[in-house]
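Visitor: Build me a model from this:
(chains A and B, ligands or ions: 1)
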Amino acid sequence: MKILVCITHVPDTTARIAFTDNNTRFDKTGVQYIIGPYDDYALARAVELKEQLGGSITALNVGGSETEPTIRKALAIGADDAVRVDAEPTDSFFVANQIAHVARDGHYDLILMGRESIDYNGGQVHGMVGELLGIPSVSPVMTLIVEGQKVKMTREIEGGKEFVEADMPLVAGCQEPIAEWKIPNMRGIMSARTKPLHVVAPVSDEQRTHVGSYELLPPKAGVKLVDPNDMAGLVNLLKNEAKVI
Amino acid sequence: MAYDYFNPGTLRFFLFDVHGADGLLAAGRYSHFDREAIGMLLDTLTDFSDRELYPYLREMDREPAYYRDGKIFVHPQFEKIFRMAGELGLIGASFDEEKGGMQLPSLVVNALYFIMEAANNHVTGYLGLTAGAANLILSFGNDELKKKYVPPMLSMEWGGTMCLTEPQAGSSLSDITTMAHPTESGHYLLRGQKVFISAGDHPYAENFVHLVLARLPDAPAGTKGISLFVVPKYRPDDTGRMEDNHVTVAGEFDKLGQRGYCTTHLVFGETGDCHGWLLGEAHQGLGYMFQLMNEARIATGRMGLGIASAAYYASLRYARERPQGRKLPTAGTKEIGAPQTPIVNHPDIRRMLLSQKAIVEGSLSLVLQTSYYVDKTRIATGTEKDNYELLLELLTPVVKTYPAEAGFQAVNQGLQILGGYGYMQDFELQQYLRDMRIISIYEGTTGIQSLDLLGRKMTMKNGAAFKALAREIQTVMEMAHGYDDLRVYAGQLGETLQATQQVLQTLLPHLLAGDQERYLADATVFMEMFGLLVVGWQWLKTGVTAKKGGSFEPDFYEAKLHTLKYFFHYELTKTTGLTAILLNREGLTLSSQPDYFD
Ligand SMILES: Cc1cc2nc3c(=O)[nH]c(=O)nc-3n(C[C@H](O)[C@H](O)[C@H](O)COP(=O)(O)OP(=O)(O)OC[C@H]3O[C@@H](n4cnc5c(N)ncnc54)[C@H](O)[C@@H]3O)c2cc1C
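Guide: Numbers count the residues shown, from 1 in each chain, chains lettered A, B, ... in the order given. Reported below is the predicted structural model:
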């Protein structure tokens, strides 16, 4: 079985978020990057499937050369080789288009990725890739089992779960608990240096959206404590200061 | 990183900039790893610690190891930790590749363990002891022992222990009485008991491999009659079937700290035949054990460093958040009605933070420096190798003791920063204080380390080790002379070095006259002074590195230089008083009489 795992290179969940250039660009100074946590689960499931059924795993990232340490981490965790599409991931369509192109050439049975990236949280790429390739796309997938050519999945839906089946090839946007979280072992880290990492040029520069600017949430306001017996004071504050009643 | 128990930037700075990890990786022995791979290892261990270790630290204290019906139970999270540690390859991390290890530099391995220990100091002992026991079998065992016992230890399916201590033989190992009787089948029959055995039993290993010090019937008295045996809990036969080997778990000790890390009482051979296999030659056991001791002692100091680091960051977080009191006026009158200020704005709180930072980062540097020498002894040859071995011998008791003793003071200051809350179970500081207390006791008490330093290491090979250290210190002093604002500290360190030499010159005549008791009476005071000298050297080295600058923000280097200054003004100056104590000719500790204490 051939599995393509698409990984994002995103700021660590604890990174300080700031913008520059008149709030049009993310400020990368001092930011630590990680594999997107949802992508990490997709990769972990791919490793489990490979252990169970054999086959190969290719990790794919659309990004500049600065993403290579992140890609090599995917190789350390268990991908056999990797492809980096050498381009800034400008919007969901642009990324989906690059992925679809690589996927078409590689004839993958499964294309796994996170349900969304944790930087811009678009959550659209899996759908677009499915559409571009004309294959099913399912998200968010919490369990994924392969039986022959069939894939059985559990989706999280409002207030419950949905059980879905589809034939391969397909695209799945993954989330926990699809697999046990994995860390690379020392041998994996050592061998990641020698596994192939192919750099390819982007196929088109078409993008469908452009970011105007970003805005951070206003800092949390201070808290005022009101004596439990002072009902009038509370009403006054809610009415005249917070203006919520 | 989700929690702050160490600073990843600071660790990288000490690892790569101060101690030149890149240079080591360039050496053939370690060239299968590069800087990026080491970075990935550090990140991986941080992730692992964030997810699997730190969140269980408090629980392991509240739900400690306990004994019931002949068995020891530990926190269930250990099952996952041991499995993941085995998969990661942590047990054989520093072993040679040909022995199934990763052949990572000790410098890196100690950095990785430091991360885990800062996150949760109840865990690494289980891993380190298994690694140590496996390493002894690999170094001195025959092929059969290696084949049978080592692979499941590398994967952490089996645990390892070191069984030295007996009720009547703690510091004094020459007094052990556990016996090993030879049999015609090649194995020995063990009989005796061992107390305080760390990691001696738990449900998450299929078997335990105890490395036991015992005597043969014809053994000469004292340390020269001690042999080392491999004694499994279950004896595996050639088909892999396991037979009970009559190692009885007699109890678990109820401790002040590190309560998740079990400490067991083991009885060998009381309920039936307990088989042991001799490692290496008869009567050489203590020597074999001591070959591992260097690394075990670095590991113990490193564990103290980890706890002190965690306590420092916990107290720093608190100091930044806790509003209490108002800043004292700097010009004129106090502002009435001003809101309370976070306590970090009080100089006395910052004094305690600086003191912790100076001790924690000084200890970190010392641990890495010593690890670097371990690696150098593995790659250097000839006289260069001899030189590194001397340095390592000399620094080993110090790297065990400084982080333990100064680290305890650091944790104590961390607790003080929290005021009354520091004393409460709701905050982790009281746990760190309790956990920390063991570091100056096991793996040889501070008293014993001090005897080793002054009694053996300072005088070995005509003082060659101390001369080698003096050369290293002088090299750093010369580098510091190149920077205007470091020159004065180079001078101060030089004076401390001279004072140490003077103390030694004053004490040595007692030794030459055969009066070891007088020579060693204040060995622990000497250790305190020597520790300050050594850590002063590390801070000056750190200052020189900070002066060179690099990829960190300017504030980062400024803070390092500020801490250096703090260390030299508030800590290193203590050596003046210690020198006076050591030069005092009265020998008051020695001349005091036991009945003075009534
Ligand atoms: C939690 C814990 C875990 C342990 N784990 C292990 C383990 O895994 N394996 C193992 O074999 N042991 C283990 N030990 C034992 C540990 O190494 C000993 O407790 C330690 O070496 C001290 O021995 P003791 O307790 O008998 O103290 P003692 O030797 O009785 O020492 C008491 C005091 O006297 C001082 N003293 C002793 N002799 C001298 C001397 N000649 N000159 C000056 N001062 C002296 C000591 O410094 C100390 O202050 C552990 C102990 C603890 C508490």
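
Visitor: Return the backbone torsion pair for B:Glu472.
Guide: phi -60, psi -40 (degrees, to the nearest 10).

Visitor: Could you tell me how many residues sit around it?
Guide: 17 (other C-beta atoms under 10 Å in any protein chain shown). C-beta coordinates here come from the backbone N, C-alpha and C atoms, glycine included.

Visitor: for B:Leu497, same thing?
Guide: 20.

Visitor: next one: B:Gly225
Guide: Using other C-beta under 10 Å, B:Gly225 has 17 neighbouring residues.

Visitor: before we move on, what about A:Tyr38?
Guide: Quick note: A:Tyr38 (other C-beta under 10 Å) scores 25 neighbours.

Visitor: Can you identify the element that follows the helix or strand harbouring it toward the C-terminus?
Guide: Per DSSP states H and E, A:Tyr38 falls inside helix A:37-53. Next along the chain after helix A:37-53, taking DSSP H and E as the criterion, comes strand A:56-62.

Visitor: Which other helices and strands does that following strand contact?
Guide: In terms of contacts (3 or more C-beta pairs under 8 Å, 6 or more residues apart in numbering or on different chains; DSSP states H and E), strand A:56-62 is packed against strand A:2-6, helix A:37-53, helix A:68-77, strand A:81-85, helix A:92-106.

Visitor: model confidence over it, on average?
Guide: Mean per-residue pLDDT for strand A:56-62: 98.

Visitor: How far does stretch A:99-117 sit from its chain's centre?
Guide: Centroid separation between stretch A:99-117 and its chain, computed with C-alpha atoms, centre = their mean, to the nearest Å, is 12 Å.

Visitor: Quick one: mean pLDDT over it.
Guide: Rounded mean pLDDT across stretch A:99-117 is 97.

Visitor: and it, how far apart are its ends?
Guide: Terminal residues of stretch A:99-117 are spaced 15 Å apart (C-alpha to C-alpha, to the nearest Å).

Visitor: go on, stretch A:155-162?
Guide: So stretch A:155-162: terminal residues 5 Å apart, C-alpha to C-alpha.

Visitor: where's the residue in the stretch 1-150 of chain B that the ligand sits nearest to, which helix or strand?
Guide: Residue nearest to the ligand within the stretch 1-150 of chain B (C-beta to the nearest ligand atom): B:Leu129, separated by 6.6 Å. Using DSSP H and E, B:Leu129 falls within helix B:124-140.

Visitor: how about the strands in the chain?
Guide: Let's take chain A. A:2-6, A:9-11, A:19-20, A:25-26, A:33-35, A:56-62, A:81-85, A:110-114, A:137-147, A:150-157, A:160-167, A:170-174, A:197-200 (DSSP state E).

Visitor: my bad, chain B
Guide: B:66-68, B:71-73, B:158-163, B:179-182, B:188-198, B:207-214, B:227-232, B:234-236, B:242-244, B:247-252, B:263-268, B:275-278.

Visitor: for the ligand, what are the nearby residues on chain A?
Guide: Within chain A, no position is adjacent to the ligand by C-beta under 6 Å from any ligand atom.

Visitor: so what's the residue in chain A positioned nearest to the ligand scoring on pLDDT?
Guide: Residue nearest to the ligand within chain A (C-beta to the nearest ligand atom): A:Met186, separated by 25.9 Å. Note for A:Met186: predicted pLDDT of 95.

Visitor: How about it: what's its closest non-neighbour residue?
Guide: Using C-beta to C-beta, 6 or more residues apart in numbering or on different chains and skipping the chain neighbours, the partner closest in space to A:Met186 is B:Gly89 (3.6 Å).

Visitor: Export stretch A:198-205 to PDB, keeping only CA atoms.
Guide: Taking C-alpha atoms only, stretch A:198-205 is exported to PDB below (Å, rounded to 0.1, in the frame of the first residue of the first chain):
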ATOM      1  CA  HIS A 198      13.100  15.300  -3.200                       C
ATOM      2  CA  VAL A 199      12.600  19.000  -3.900                       C
ATOM      3  CA  VAL A 200      10.300  19.700  -6.800                       C
ATOM      4  CA  ALA A 201       9.100  23.000  -8.300                       C
ATOM      5  CA  PRO A 202       5.500  24.000  -7.900                       C
ATOM      6  CA  VAL A 203       3.200  23.300 -10.800                       C
ATOM      7  CA  SER A 204       1.300  26.600 -10.900                       C
ATOM      8  CA  ASP A 205       1.200  29.700  -8.900                       C
END
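
Visitor: Quick check: buried residues in it?
Guide: Residues of stretch A:198-205 classed as buried: A:Pro202 (neighbour count, 16 or more other C-beta atoms under 10 Å in any protein chain shown).

Visitor: Can you pull out the residues in contact with that stretch?
Guide: For stretch A:198-205, contacts defined as C-beta atoms under 8 Å, 6 or more residues apart in numbering or on different chains pick out A:62, A:65, A:81-87, A:94, A:97-98, A:101-102.

Visitor: Counting neighbours, which of those residues end up buried?
Guide: Buried members of the contacts of stretch A:198-205, counted by 16+ other C-beta under 10 Å: A:Val62, A:Ala82, A:Val83, A:Arg84, A:Val85, A:Asp86, A:Ala87, A:Phe94, A:Asn97, A:Gln98, A:His101, A:Val102.

Visitor: now the residues you listed as a markdown table including distance to A:Cys174?
Guide: Putting these into a markdown table (distance: C-beta to C-beta, whole Å) gives the following:
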| residue | distance to A:Cys174 |
| --- | --- |
| A:Val62 | 18 |
| A:Ala82 | 18 |
| A:Val83 | 19 |
| A:Arg84 | 21 |
| A:Val85 | 21 |
| A:Asp86 | 25 |
| A:Ala87 | 24 |
| A:Phe94 | 22 |
| A:Asn97 | 21 |
| A:Gln98 | 19 |
| A:His101 | 22 |
| A:Val102 | 18 |
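
Visitor: Based on its surroundings, how many neighbours for B:His283?
Guide: Other residues close to B:His283 by other C-beta under 10 Å number 18.

Visitor: and it, how far is that from the ligand?
Guide: 19 Å (C-beta to the nearest ligand atom, to the nearest Å).

Visitor: how near is that residue to B:Pro217?
Guide: Computed with C-beta to C-beta, to the nearest Å, the distance linking B:His283 and B:Pro217 is 12 Å.

Visitor: And A:His101, by the same measure?
Guide: According to C-beta to C-beta, A:His101 and B:Pro217 sit 78 Å apart.
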